[in-house]
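Peer 1: sequence first, predicted model second:
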Amino acid sequence: MTPPRTPEGGAPAAGFFPWVVWLLAAIFYCYIFFVRVAPSVMVAELMREFSVNAATLGNLSAVYYYAYAGMQLPVGVLHDRFGPRRVLTGAAVLCALGSLLFAVAESLTVAYVGRLLIGAGAGFALVGTFKVASIWHPPRRFAMLTGLAFSFGMAGAIGAQAPLAAVVTATGWRWSMVIAAGFSCVLAALMWLVVRDRVGSRLEAEPRGQPGALASLCGVVTTAQTWYVALIGGASGGQVLAFASLWGVPYMMEAHGIGRPLAALSTSLVLIGYAVGAPLFGWFSDRVGRRKEQLVVACVVMLLSFVAAVYVPGNPLWLVQVLFFVNGLAVGACMIAFAVAREHNRPGAVATTMAVVNIMATGFGGALQPIIGWMLDLQWDGRMESGARLYSVAAYEAAFMTIAAVLAVSIPIALMVRETYCRQVRQAA
């Protein structure tokens, strides 16, 4: 496939090819969400296989996030310096190796290394999607493409819930991860063949005389607005990663007395709402030309819907499912935080800006997963089933107070965000 060419410094290319390039990057982001969430439907199997408690399992899942978050600053610099083609291809290969290693692990140490490699490779996906969007598409599409990217991610997360639960039941968790490794290899080949770092002769990069990578990073991290929106991303992303991506399934099984497939489907409604809300509210904020009001309302709705779903006694299952969907819509609305961060920083530092925000969005989840597991272990009443620990509803409710607290803090932070009116506030220096 030959990419269209434009004159030096021309506008992003028109036609079908820009969407193909972006689509491959978005599919990679879909994949990394699949492997990110996969342990949530393997909780009992992993506990039994490696003879671990909830805190250790939380760490096994969270080591992905430690690697992911730790890679974000170099990821942003690498994307800005070398372009997405080589970076995304190598990242997909790394994810494949990690998935395969995790699949064949006979010890907890090897499983840790596998998850670590998956997280390191996955760290390139979202920022790469943003970078491709900034190269191949005009700025007016950025918020919408950001939302669509998150929709692809949620599609992967949804696939790692009820559908993967059925596959794990039928074939076991190891073969599921082997298949995931093969998919990542195919995706790596396609990205190498199709993705391009430039539109014709125009490379998305810093103009001559602009600050280098370190100065660019310093500019991003010293902008207060970057941290406000990053904390909002951390609160919303932390809830999704800690609840919907790990502890929500066993909680729903215990709280509502339902089987794993229905529990996975119920928590998937958070992800489905996220997938719907991210592009919808990205488009809406572009349409009305405002960002801040949406962020404030979304943070309030996130907190209220989560508290109502988990802590109001006697809620029927259908109402909890509705609240999960509404919660997901609010999380999706919060993803315009990435567009706000871009608008408050220089255009040439897109990948670096996105990386800084993404550190918080994933770092909160990486911290909350083992903290919740540790709190569950503190309140464990000794019950076990087939070698796996069982926890009471009261234990889950106490542990989930950490999520509620983080969501509550996001509200005053959203009030401190400065409105951009969907325009680039900070231009190239």
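Peer 2: Done, it's in. In this text, all values refer to a predicted model and were calculated from it rather than measured experimentally.
Peer 1: grab the nearest non-local neighbour of residue 320.
Peer 2: residue 309 (5.0 Å; C-beta to C-beta, 6 or more residues apart in numbering). C-betas here are computed from N, CA, C, even on glycine.
Peer 1: how many residues are close by the one you found?
Peer 2: 25 (other C-beta atoms under 10 Å).
Peer 1: measure it to residue 135 for me?
Peer 2: From residue 309 across to residue 135, the span is 40 Å (C-beta to C-beta, to the nearest Å).
Peer 1: helix or strand with the lowest mean pLDDT in this structure?
Peer 2: One helix or strand of the chain scores below all others by mean pLDDT, DSSP states H and E: strand 202-203, with a mean of 44.
Peer 1: after it comes which helix or strand?
Peer 2: Next along the chain after strand 202-203, taking DSSP states H and E as the criterion, comes helix 213-221.
Peer 1: starting at the chain centroid, how far to the helix or strand following that next one?
Peer 2: Sequence-wise, the next helix or strand downstream of helix 213-221 (DSSP H and E) is helix 224-239. Chain-centre distance of helix 224-239: 13 Å, with C-alpha atoms, centre = their mean, to the nearest Å.
Peer 1: how about the CA coordinates for helix 224-239, as CSV?
Peer 2: Only the C-alpha atoms of helix 224-239 are listed here, as CSV (Å, rounded to 0.1, in the frame of the first residue of the first chain):
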residue,chain,number,x,y,z
ALA,A,224,0.3,22.8,36.1
GLN,A,225,-2.6,22.1,33.9
THR,A,226,-0.9,18.9,32.7
TRP,A,227,-1.0,17.5,36.2
TYR,A,228,-4.6,18.5,36.8
VAL,A,229,-5.9,16.6,33.8
ALA,A,230,-3.4,13.8,34.5
LEU,A,231,-4.9,13.3,38.0
ILE,A,232,-8.4,13.2,36.5
GLY,A,233,-7.1,10.6,34.0
GLY,A,234,-5.6,8.7,37.0
ALA,A,235,-8.8,8.7,39.0
SER,A,236,-11.0,7.5,36.1
GLY,A,237,-8.4,5.0,34.7
GLY,A,238,-7.6,3.8,38.2
GLN,A,239,-11.2,2.8,38.9
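Peer 1: packing partners of it?
Peer 2: Applying 3 or more C-beta pairs under 8 Å, 6 or more residues apart in numbering; DSSP states H and E, one finds that helix 224-239 contacts helix 292-311, helix 317-333, helix 337-343, helix 350-378, helix 401-415.
Peer 1: in TSV: these, plus distance to residue 94.
Peer 2: As requested, the helices and strands packed on helix 224-239 are exported to TSV (distance: least, C-beta to C-beta, whole Å):
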stretch	distance to residue 94
helix 292-311	33
helix 317-333	28
helix 337-343	24
helix 350-378	17
helix 401-415	30
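Peer 1: just those: most buried one?
Peer 2: Most buried of these by mean neighbour count (mean count of other C-beta atoms under 10 Å) is helix 337-343; its value is a mean of 27.
Peer 1: so the nearest residue to residue 246 once chain neighbours are set aside: helix, strand or coil?
Peer 2: Excluding the flanking residues, the one nearest residue 246 by C-beta to C-beta, 6+ apart is residue 40, at 4.8 Å. Classification of residue 40 using DSSP: H, G, I helix; E, B strand; the rest coil returns helix.
Peer 1: now swap in residue 425 and tell me
Peer 2: Quick answer, by three-state DSSP: residue 425 is coil.
Peer 1: so what secondary structure elements neighbour the helix or strand residue 397 falls within?
Peer 2: Per DSSP H and E, residue 397 falls inside helix 393-399. Contacts defined by 3+ C-beta pairs under 8 Å, 6+ apart place helix 393-399 against helix 248-256, helix 292-311, helix 350-378.
Peer 1: quick one, the longest one and helix 248-256 angle?
Peer 2: So that's helix 350-378. 40 degrees (axes from the mean of the first three to the mean of the last three C-alpha atoms, to 10 degrees).
Peer 1: now the helix holding residue 397, how far from the chain's geometric center?
Peer 2: With C-alpha atoms, centre = their mean as the basis, helix 393-399 stands 25 Å off its chain's centre.
Peer 1: and that helix, which residues are buried?
Peer 2: Neighbour-count burial for helix 393-399 flags 395-396, 399 (criterion: 16 or more other C-beta atoms under 10 Å).
Peer 1: cool, stretch 17-27 as well?
Peer 2: Here stretch 17-27 shows 17-18, 21-22, 24-27 as buried, counting by 16+ other C-beta under 10 Å.
Peer 1: C-alpha coordinates for that stretch, PDB please?
Peer 2: Only the C-alpha atoms of stretch 17-27 are listed here, as PDB (Å, rounded to 0.1, in the frame of the first residue of the first chain):
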ATOM      1  CA  PHE A  17      -4.800   5.600   3.900                       C
ATOM      2  CA  PRO A  18      -4.600   7.800   7.000                       C
ATOM      3  CA  TRP A  19      -7.400   5.800   8.500                       C
ATOM      4  CA  VAL A  20      -5.700   2.500   7.700                       C
ATOM      5  CA  VAL A  21      -2.500   3.700   9.500                       C
ATOM      6  CA  TRP A  22      -4.500   4.900  12.500                       C
ATOM      7  CA  LEU A  23      -6.600   1.700  12.600                       C
ATOM      8  CA  LEU A  24      -3.600  -0.500  12.900                       C
ATOM      9  CA  ALA A  25      -2.300   1.500  15.900                       C
ATOM     10  CA  ALA A  26      -5.800   1.400  17.400                       C
ATOM     11  CA  ILE A  27      -6.000  -2.400  17.000                       C
END
